[in-house]
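In: the amino acid sequence is not available; the structure is as follows:
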């Protein structure tokens, strides 16, 4: 049985209370992330019924052994045929008349299939974002997992960057970063690793190319590890050769912006106020129009989670939230500079989890 059985049980009890408050006797969850959060089960094909009468987790025979050793649920059903048929039969036996579902995840086609399988006897009610909001505040075991992912990420970066020299392909460096994360224990990269040099770094989500890293040019690396199911995220900058005055000036402006945003993080402040702290610095440098994305985002089981650190986000930060802080400036035809850390909101401020130096690395 999973080590966190008590934690998963507590989450399911919380969800039952949430459903009761919404006047729902139960809900059918189809999002793999929601199912993992509530039960610990990791599968490409599963559904979870959660309600006052207990929980029932459904999967197919490929996961028969896994569901027994990994999942926390009152009942576990392995269906050899169409999974939805077993789900519908169980719901009919329970005589569920009003059933919550994840409107943000269930496709229109799947919705119709569920409705038909229930023979029109059950009213389907879209759920709110309660699970996503609860996931935003991490438990001690989740914070430990994120720390582990951060440590892997940072060590992999240090190992891979020792190989960098002019002539190495962007794609080769990306592959080395991914290899080192795997070697250090990551289950996978948390997202597609970004390696962008020169003018290509002006694309915030640039894809690594089969193009050599040139001398006297910017190098942007944005990477994250997924370990124990949880993500980390970090962006660092380097320069091959002696950095130009322009590069140093822009880098220092972005660094001050990032540090001001981190300094603004504490319980009770709004996400928008953290974003504003970053933008004020860049505005004072005449760079506001070159900052073209939000300041950060939450992370956890997914690389992008609630809360978003953006201009219009009224969400208040709470102890236990883990967010990224990643302001940047992007100059078309020249390059982009972004600095990013993974940050934990604490009881009286925040803790930067990323240990990697933020200086402009000279290769």
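Out: Sure, I can see it. Only a predicted model underlies this, so the values are computations on that prediction, with no experimental measurement involved.

In: contact partners for residue 135?
Out: Applying Cβ atoms under 8 Å, 6 or more residues apart in numbering to residue 135 gives the contacts 37, 300, 301, 305, 306. For the C-beta atoms, the positions are set from N, CA and C on the backbone; glycine is no exception.

In: looking at these, which are in helices?
Out: Under the assignment DSSP state H, the contacts of residue 135 contribute residue 37 to helices.

In: for the stretch 1-150 of the chain, what spans make up the helices?
Out: 5-21, 32-39, 64-70, 83-94, 108-117, 130-135, 140-161 (DSSP state H, counting those that start in this stretch).

In: residue 295 is nearest to which of those helices?
Out: Closest approach to residue 295 among the helices of the stretch 1-150 of the chain (Cβ to Cβ): helix 140-161, 18.8 Å.

In: who does that closest one touch, helix- and strand-wise?
Out: helix 170-183, strand 218-223, strand 225-227, strand 230-231, strand 234-239, strand 341-345 (3 or more Cβ pairs under 8 Å, 6 or more residues apart in numbering; DSSP states H and E).

In: partner strands of the fourth one, with direction?
Out: Meaning strand 230-231. strand 225-227 (antiparallel) (DSSP bridges).

In: tell me what the residue found closest to residue 73 once you drop the neighbours it is linked to in the chain is bridged to.
Out: Nearest non-adjacent residue to residue 73, counting by Cβ to Cβ, 6 or more residues apart in numbering: residue 57, 3.9 Å away. In this entry, residue 57 is beta-bridged to residue 48, residue 76, by DSSP bridges.

In: mind putting the helices and strands packed on helix 140-161 in TSV, distance to residue 18, mean neighbour count and mean pLDDT included?
Out: Shown next, in TSV, are the helices and strands packed on helix 140-161 (distance: least, Cβ to Cβ, whole Å; neighbours: other Cβ atoms under 10 Å; pLDDT from 0 to 100):
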stretch	distance to residue 18	mean neighbour count	mean pLDDT
helix 170-183	36	19	98
strand 218-223	35	26	98
strand 225-227	27	26	98
strand 230-231	23	27	98
strand 234-239	34	23	97
strand 341-345	23	24	98
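
In: with distance to residue 269 as extra columns, can I get the ones you listed in a markdown table?
Out: Below are the helices and strands packed on helix 140-161 laid out as a markdown table (distance: least, Cβ to Cβ, whole Å):
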| stretch | distance to residue 269 |
| --- | --- |
| helix 170-183 | 32 |
| strand 218-223 | 26 |
| strand 225-227 | 28 |
| strand 230-231 | 23 |
| strand 234-239 | 23 |
| strand 341-345 | 9 |
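
In: out of these, which gets nearest to residue 317?
Out: Ranking these by proximity to residue 317 (Cβ to Cβ) places strand 341-345 first, at 5.0 Å.
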